[in-house]
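>>> Turn this into a structure:
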Amino acid sequence: MKQIGMKSPKQFILVIIVIAAILAVVLGSMFYPDPRQNYTEKTESITVGYSPFEQTALLWIAEDQHFFSRNGLNVTLRKYDTGVGSLDGMLNGEADITVGVTEFPTIGRAFQKERIRTIGTLAKIEQIYLVGRKDRGIENVSDLKGKRVGTTLRTIAHFYLGRFLELHGMNMQDITLVDVKTPAEWVNAVANGDIDAIATAQPYANSAKERLGANAVVWPAQGSQPIFGLIVSTDEWITNHPELVNRFLKSLAQAEEYAIRNPAEAKAIVQKRLNLDAAYMETVWSQNQYSLSLDQSLILTMEDEARWMIKNNLTTEKAVPNFMDYIYVDGLEAIKPESVNIIR
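This is a model prediction of the structure:
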């Protein structure tokens, strides 16, 4: 009988490589199922509120790549000017979930005993800047004293304006605080001279800077503390729809994986959806973190901001809430357990 064998070491190595490649494909399909695989059970409809800021990046990737529909979700999107607006809309029954709202207005609702829960963080970002007019005598931070400074009250920009002033030896009483409510106003109010400075989020801070040109002075307001873009729903909706929470989180987890594997395509999706220029999109992508998580830093940040609210009389409450009562961990533990790092 003729013996069959390898004719050369090179052939042997080639066979090993082929076998390894086949195993990688098989194992990959077992542990990382193709996100394009359609959901076979009943499709459910949900309404998602959002405000058009960069922390919603995973939402747009999931929508563009049809991850929601492939996980059995028919998602209707409802736009709000601010995260506060999207949170209020959800509490008014206009949406089931709100995406991208920051921790500050969520803390305000906790003080008001609203039964809401954060089901995940989908971004940690830097986006709040202070833009002032040089022709109003603003060259240094101390020049803000006595000036008309705008921001949207009850938002994260409100908090960071106050914190920025405190870090420079001032407080809210040293300025005339003006409530500026809409994205168009954030830019126009300071560009037209109705106010002397604005504390606001990107990309609107950039727009104000461009309108003012050489007349602009700009400071980053956050320091080293990130803003958390949250996924929030009500206790009642979560209790009645735990499977939909899981499907929604799974869709965002797939969007995160897509962004890791296809960064150029992911950036293009977000840039187009939020109408950002390419240079700014590169900055956003490099300085921010887009991933699902629930970690202890969120709790610590919320406690810090809650103390600031009490100190500045933005609530009648005197004690910091137990924010674990406002976190729902079961969904993310089921979908991405390694991303949950909260002390309980």
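
>>> C-alpha only now, for contacts and for neighbours.
OK.

>>> all helices of the protein, in order?
For the chain, the helices defined by DSSP state H cover 9-31, 57-64, 67-70, 83-91, 103-111, 156-167, 183-191, 204-212, 235-240, 242-261, 263-274, 278-287, 296-311, 330-335.

>>> wait, which of the ones you listed is closest to Gly229?
Gly229 sits nearest to helix 103-111 of all those, at 7.3 Å, using Cα to Cα.

>>> Could you list the low-confidence segments of the stretch 1-150 of the chain?
Within the stretch 1-150 of the chain, the stretches with pLDDT under 70 are 1-40.

>>> rewinding a little: nearest to Arg148, out of the helices of the chain?
Proximity to Arg148, assessed across the helices of the chain by Cα to Cα, is greatest for helix 183-191 (9.7 Å).

>>> what about Lys181, how many residues close to it?
14 (other Cα atoms under 10 Å).

>>> just checking, it touches Thr152?
Yes - here Lys181 reaches Thr152: they are 5.3 Å apart, a contact under Cα atoms under 8 Å.

>>> In a markdown table, list the helices of the chain along with mean neighbour count and distance to Val320.
Output for the helices of the chain, formatted as a markdown table (neighbours: other Cα atoms under 10 Å; distance: least, Cα to Cα, whole Å):
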| stretch | mean neighbour count | distance to Val320 |
| --- | --- | --- |
| helix 9-31 | 11 | 42 |
| helix 57-64 | 22 | 31 |
| helix 67-70 | 23 | 36 |
| helix 83-91 | 23 | 20 |
| helix 103-111 | 22 | 8 |
| helix 156-167 | 21 | 16 |
| helix 183-191 | 20 | 31 |
| helix 204-212 | 20 | 32 |
| helix 235-240 | 14 | 20 |
| helix 242-261 | 20 | 28 |
| helix 263-274 | 17 | 35 |
| helix 278-287 | 13 | 31 |
| helix 296-311 | 17 | 6 |
| helix 330-335 | 17 | 24 |
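
>>> Could you point out which of those helices sits nearest Arg136?
For Arg136, the closest of the helices of the chain is helix 183-191, at 10.8 Å, according to Cα to Cα.

>>> what mean pLDDT does the closest one have?
Helix 183-191 shows a mean pLDDT of 95.

>>> That one: how far from the chain's middle?
Here helix 183-191 is found 23 Å from its chain centre; the criterion is Cα atoms, centre = their mean, to the nearest Å.

>>> which helices and strands does that helix pack with?
The contact analysis (3 or more Cα pairs under 8 Å, 6 or more residues apart in numbering; DSSP states H and E) places helix 183-191 against strand 197-201, helix 204-212.

>>> if we compare those, which one ends up closest to Leu294?
Closest of the helices and strands packed on helix 183-191 to Leu294 is strand 197-201, at 23.3 Å (criterion: Cα to Cα).

>>> Give me the angle between the closest one and helix 156-167.
130 degrees (axes from the mean of the first three to the mean of the last three Cα atoms, to 10 degrees).

>>> Measure how far strand 197-201 is from the centre of its chain, please.
18 Å.

>>> and that strand, which strands flank it?
strand 128-133 (antiparallel), strand 148-151 (parallel) (DSSP bridges).

>>> if we can go back for a sec, is it possible to export the helices and strands packed on helix 183-191 to TSV including mean pLDDT and distance to Phe111?
As requested, the helices and strands packed on helix 183-191 are exported to TSV (pLDDT from 0 to 100; distance: least, Cα to Cα, whole Å):
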stretch	mean pLDDT	distance to Phe111
strand 197-201	96	24
helix 204-212	95	29
